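A.B. asks: build me a structure from this.
(chains A and B)
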Amino acid sequence: MNSAMNRLFKKRKKSKSIYKFEETEIPSTDQGIMAHLDENLANIKEALGNPGDLAIREFKMGKPSLHKVAIIYINGLADKMIIGSFVIERLMENVHDSENIHPKEPSELFTYIKENILTVGTVEDITDWNKMLLSLLSGQTILLIDGYNHAIGCSAQGGELRAITEPTTEPAVRGPKESFVEALITNTAMVRHRIKSPNLRVEMMKLGKVTQTEVALMYVNGIVNDKLLAEVKERLDKIEADEIVGSNTIEEWIIDDFWTPWPTILKTERPDVVQGEIQEGRVAVFVDGTPTTLILPAIWIQFLHTAEDYYLRWQFASFLRFIRLVGFLITLIGPSLFIAFLTYHPELIPTPLLINLTAQRQGIPFPVFIEALIMEFTFEVLREAGIRMPRQIGQAVSIVGALVLGEAAVSAGIVSSSMVIVVAGTAIASFTIPHATMTDAVRLLRFLMMILAATFGLYGLGLGVIVLVAHTCSIRSFGIPYLTPFAPIILADWKDTLVRAPKPFLSTRPRLISQLRTKRTGTTQNLGPSSREHQTTNNQLKRDSNEP
Amino acid sequence: MLGLNHQEMRDSSTMEKAKISAIQLFALMFLFEMGTAVIISYGIDAKKDSWLAIMLGMCVGIILFFIYYFLFRQYPNLPLTGYTRKIFGKYLGWIIGLLYIIFFLYITVHNIRSFGELLLSSTMPKTPLLALIILMLLAICYVLYLGIEVLGRTAEVFIVILILLGLTGNLFIFFSGNVDLHNLQPFLENGWKPILKTAFLETSSFPFGQMVVFTMLLPYLNRPESMKKVWLFALILSGLVLCWTASLNIAVLGTENVERSTFPLLSTIGKVDLFEFIQRLDVIVVFTLLITVFFKASIFFYCALIGIVDLFKLKNHQQIILPIGCILIFWSMSLASNFSEHIGESRYVDSYITVYFHIIIPLLMLVVTLIRNRFKKNDSSESNLT
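C.D. replies: Residues are numbered from 1 along each chain as shown, chains lettered A, B, ... in the order given. Got it, this is the predicted structure:
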């Protein structure tokens, strides 16, 4: 019926226009699991296109009556060791063992195998054809018995996976040295290691019609805002894509606003970051096949925070945050300020400095803006080249970059050395922003600011900043205003934004995000040296330590 | 708050369904009050006692506030253009609402033009005025397109920046040692007359009387009961800051210089010279001016827009931003042919027209409402008797 309909439609479409591409459905087979084993095997082979990596092992078992049994798995996805010793060996042993009497009926034998013989971690009874194919393709081992239309899926997934390594994009001097890998289960386990609470919830779902990518939502029940959770699930459900390629695809599907340059979802590869964020009431989205985990909702200031902030003394952590904020501002408006001052407002530069700068620019054939544009563009090219090139020739690029562009361009009189300083300073400053998505946004916006500064000077730059702030105020990440806690002002949340207060004083969770359990510490009244009885021992200790 | 599609919500009714918080209203009011008043030679007709004139002006502002507050209490869910129709009847009220809108638009244009003139004269003499005005209006249009909520939140960010700028500026002025308090003495040199004249004719209407525009925004307040506190706090604080700045200008420059210069704060901060390196801090003043003028013009423009939406029963304010923005560009260009003509014209408007909008019409509304309430009470008491 279905195929007949399809054929009908195809004919009609063809008659309309031969040159148009046809919208076709992806072929799918649904024969159902048959009672006859050979037929099943043939169907599986046909459905998968008889691939070379499909392994089928047929044998007979059962006593007194023999039954045909087949084990099916895909080479490379399944762990052959487990299959060998816990599936095949167990089944064969039972055949040779003379004392065991197996049930006669295939259905009874099926249950017997499932309950008594297989010694792998989990087995499941599969009746649906597509589900069987899916579990086969997810690395499970399928066991079929002749004469019964059920299948057993044994969890014997294996294959080669990358080992857990040190985080590369978010390194920390102190703090844990592990980062997420591609396998979803390993990633969720890494967070589970850190939060041993029954309230840590992991919800799995499969997204992508073709790729059937596993996606896991992770949150702490009782802290997470239910409305947020429902919203995230609704947006994930709305994804109607054939393929999910990594977490970025998910991000682009569920994001609030496509047009904004700012990242509104935090990406991390550190399990401790996920731990901290979901403790504040956020939701983490793990995607199988990507080491990058999404954390939402994300607000602007989070992109200037690192995991390291919580492993350092609070004064120093606050200082580092200040440095990062300055780095952010320099990256955004550093070059444009330079352009605006030199082009439009030289009188605002202190005289000795101005003389110095003008002397350097003697003989430079370009206006300041063009000069800055050339240098910034060159730097971006260098940066991209540095990422894309093979490791072995990295030396060459850095020599070319540093010597040719830095030294030679200045001595050839193409750019002034002050411009090189500004561009290099901006570049260094941009590396202080810990999250790559934020760096990218600022790198793009910097050019916009430069254009404004070149056309309207400080006035254009000021207006640009006002409009940028207004735009930033206008966007939301999953309902949370992006500039909280600055706009709207929430003073209680300021202690973990520009500064980081000592841990005992971070007594409340961010107010807008969690909304449920805001308090997260006990009383902070009795901190410091302990009470009187203990103090005597304390004094004792002090006296002891003072004695020579 | 979560999962709401704001666009859809806005489309469903004439009034934007946004809400602004008490802090946001405060930030908007403070930035609004600082707008140009903190830069220009403000209250200088009272010579050395300009600070007193400003304080008196602020007191007038407080009295005006109570008129507006009474009207707000009568119609807490309506903007100004809404209750003019309730009070004066459908037709007269509509015309008065329209007059208010034209007045608001005029002040928007006036502010933008003044700022453009300042930029021309101080930092960018070669740039065409039209370009400066277009850029300003484009920025304002974009921000207003995002809505009043965003404007409020942006104000929250910039009030912090403004405070930082103000503190640095003050610090530098004091460290540079140019402050001479003798310039402010003696007190009441010319008697009370010039002080009272300045206070009632000049400082009371600008900028304190201009706060009448906020009656358009009050229905958006998320907690209307906080309005009284916020308004008075913003009014008094900005009065004090203006007073401080005016006195500082006189203390640094002396009365004659302040009288002569158009933007005395620029000259005041220009006197700063520390270690022969920290000098020419005009940037602070220019940025202060930019931020405050931006917010002042935006607030006037937004209130005019929602007034138009209210009077002409339009769907939302977004659809008329650009057309009216274009009108404003041409209006601001044709307002005056040069700066002195512009100043003269604004003098005329300030002394003969603003008083109607700031004081007389609200006062009339107050009186009419009181009389109506009296009649209503009589009616109800009579009906109770029978």
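
A.B. asks: could you list the low-confidence segments of the stretch 301-450 of chain A?
C.D. replies: Along the stretch 301-450 of chain A, no part satisfies pLDDT under 70.

A.B. asks: tell me which stretches of it form helices.
C.D. replies: Taking DSSP state H, counting those that start in this stretch as the test, the helices found in the stretch 301-450 of chain A are A:314-343, A:351-360, A:368-388, A:394-399, A:409-411, A:417-430, A:436-474.

A.B. asks: can I get those in TSV including mean neighbour count and distance to chain B?
C.D. replies: Every residue, glycine included, has its C-beta placed from N, CA and C. Conversion of the helices of the stretch 301-450 of chain A to TSV gives the following (neighbours: other CB atoms under 10 Å in any protein chain shown; distance: least, CB to the nearest CB, whole Å):
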stretch	mean neighbour count	distance to chain B
helix A:314-343	20	9
helix A:351-360	13	8
helix A:368-388	16	15
helix A:394-399	12	36
helix A:409-411	15	26
helix A:417-430	19	17
helix A:436-474	21	4
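
A.B. asks: please name whichever of the ones you listed is nearest to A:Thr122.
C.D. replies: helix A:436-474 (37.6 Å; CB to CB).

A.B. asks: which residues does the helix or strand just after the closest one contact?
C.D. replies: Going down the chain from helix A:436-474, the next helix or strand is strand A:476-477, by DSSP states H and E. The contact list for strand A:476-477 (CB atoms under 8 Å, 6 or more residues apart in numbering or on different chains) reads A:Asp256, A:Asp257, A:Thr264, A:Ile265, A:Leu296, A:Pro297, A:Ala298, A:Ile299, A:Tyr482.

A.B. asks: distance check, A:Met92 against chain B.
C.D. replies: 57 Å (CB to the nearest CB, to the nearest Å).

A.B. asks: which SSE is that residue in?
C.D. replies: Counting by DSSP H and E, A:Met92 is found in helix A:89-96.

A.B. asks: and if you look at A:Arg162?
C.D. replies: Using DSSP H and E, no helix or strand contains A:Arg162.

A.B. asks: residues near the nearest residue to it once chain neighbours are set aside, how many?
C.D. replies: In space, and not counting its chain neighbours, A:Arg162 is closest to A:Val181: 5.2 Å by CB to CB, 6 or more residues apart in numbering or on different chains. A:Val181 has 18 neighbours, counted by other CB atoms under 10 Å in any protein chain shown.

A.B. asks: report the secondary structure state of A:Val181.
C.D. replies: coil (DSSP: H, G, I helix; E, B strand; the rest coil).

A.B. asks: for it, give me phi and psi.
C.D. replies: In terms of degrees, to the nearest 10, the main-chain angles of A:Val181 are phi -120, psi -170.

A.B. asks: tell me how far it lies from A:Gln362.
C.D. replies: As for A:Val181, its distance to A:Gln362 is 56 Å (criterion: CB to CB, to the nearest Å).

A.B. asks: quick one on the thing from earlier: which helices and strands does the very next helix or strand once past the helix holding A:Met92 pack with?
C.D. replies: The C-terminal neighbour of helix A:89-96 among helices and strands, as given by DSSP H and E, is helix A:106-112. The contact analysis (3 or more CB pairs under 8 Å, 6 or more residues apart in numbering or on different chains; DSSP states H and E) places helix A:106-112 against strand A:141-145.

A.B. asks: ok, residues contacting the strand it packs on?
C.D. replies: By CB under 8 Å, 6+ apart, the list of residues contacting strand A:141-145 reads A:33, A:37, A:40-41, A:67-73, A:78, A:83, A:87, A:106, A:109-110, A:113, A:118, A:120, A:126, A:132, A:135-136, A:151-154, A:156.

A.B. asks: okay, now the sheet partners of that strand, with direction.
C.D. replies: Strand pairing for strand A:141-145, using DSSP bridges, gives strand A:67-74 (antiparallel), strand A:151-154 (antiparallel).

A.B. asks: would you mind finding the most buried of these?
C.D. replies: Mean neighbours per residue, mean count of other CB atoms under 10 Å in any protein chain shown, is largest over the strands paired with strand A:141-145 for strand A:151-154, with a mean of 24.

A.B. asks: with only the CA atoms kept, save it in PDB.
C.D. replies: In PDB, the C-alpha atoms belonging to strand A:151-154 read as follows (Å, rounded to 0.1, in the frame of the first residue of the first chain):
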ATOM      1  CA  ALA A 151      15.300 -11.000  20.100                       C
ATOM      2  CA  ILE A 152      17.700 -10.500  23.000                       C
ATOM      3  CA  GLY A 153      19.900  -7.400  23.000                       C
ATOM      4  CA  CYS A 154      23.000  -7.900  25.100                       C
END
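
A.B. asks: could you give me the average pLDDT of the helix or strand following it?
C.D. replies: With elements assigned by DSSP H and E, the helix or strand that comes after strand A:151-154 is helix A:184-194. Mean per-residue pLDDT for helix A:184-194: 92.

A.B. asks: quick one: distance of helix A:184-194 to the chain centre.
C.D. replies: In terms of CA atoms, centre = their mean, to the nearest Å, the centre of helix A:184-194 is found 14 Å from the chain centre.

A.B. asks: okay, that helix in PDB with CA atoms only?
C.D. replies: Output in PDB follows, covering the C-alpha atoms of helix A:184-194 (Å, rounded to 0.1, in the frame of the first residue of the first chain):
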ATOM      1  CA  LEU A 184      28.400  10.100  26.300                       C
ATOM      2  CA  ILE A 185      28.300   7.500  29.100                       C
ATOM      3  CA  THR A 186      31.800   8.300  30.200                       C
ATOM      4  CA  ASN A 187      31.000  11.900  30.300                       C
ATOM      5  CA  THR A 188      27.900  11.500  32.500                       C
ATOM      6  CA  ALA A 189      29.800   9.200  34.700                       C
ATOM      7  CA  MET A 190      32.400  11.800  35.300                       C
ATOM      8  CA  VAL A 191      29.800  14.200  36.600                       C
ATOM      9  CA  ARG A 192      28.200  11.400  38.600                       C
ATOM     10  CA  HIS A 193      31.500  10.800  40.300                       C
ATOM     11  CA  ARG A 194      31.300  14.400  41.600                       C
END
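
A.B. asks: only the buried residues of the longest helix belonging to chain B, if you could.
C.D. replies: Looking across chain B with DSSP state H, the single longest helix is helix B:90-122. Burial within helix B:90-122, assessed by neighbour count using 16 or more other CB atoms under 10 Å in any protein chain shown, is assigned to B:93-94, B:96-101, B:103-120, B:122.

A.B. asks: mind checking what helix or strand follows it in sequence?
C.D. replies: Helix B:90-122 is succeeded, C-terminally, by helix B:129-146 (DSSP H and E).

A.B. asks: export that following helix to PDB, keeping only CA atoms.
C.D. replies: The C-alpha trace of helix B:129-146 is given here as PDB (Å, rounded to 0.1, in the frame of the first residue of the first chain):
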ATOM      1  CA  LEU B 129      25.700  68.000  11.200                       C
ATOM      2  CA  LEU B 130      23.300  65.900   9.300                       C
ATOM      3  CA  ALA B 131      25.600  62.800   9.600                       C
ATOM      4  CA  LEU B 132      25.900  63.300  13.400                       C
ATOM      5  CA  ILE B 133      22.100  63.600  13.800                       C
ATOM      6  CA  ILE B 134      21.300  60.600  11.600                       C
ATOM      7  CA  LEU B 135      23.700  58.400  13.500                       C
ATOM      8  CA  MET B 136      22.200  59.500  16.800                       C
ATOM      9  CA  LEU B 137      18.600  59.000  15.700                       C
ATOM     10  CA  LEU B 138      19.400  55.600  14.200                       C
ATOM     11  CA  ALA B 139      20.900  54.500  17.500                       C
ATOM     12  CA  ILE B 140      17.800  55.800  19.400                       C
ATOM     13  CA  CYS B 141      15.400  54.100  16.900                       C
ATOM     14  CA  TYR B 142      17.200  50.800  17.300                       C
ATOM     15  CA  VAL B 143      17.100  50.900  21.100                       C
ATOM     16  CA  LEU B 144      13.500  52.000  21.200                       C
ATOM     17  CA  TYR B 145      12.600  49.200  18.700                       C
ATOM     18  CA  LEU B 146      13.800  46.900  21.400                       C
END
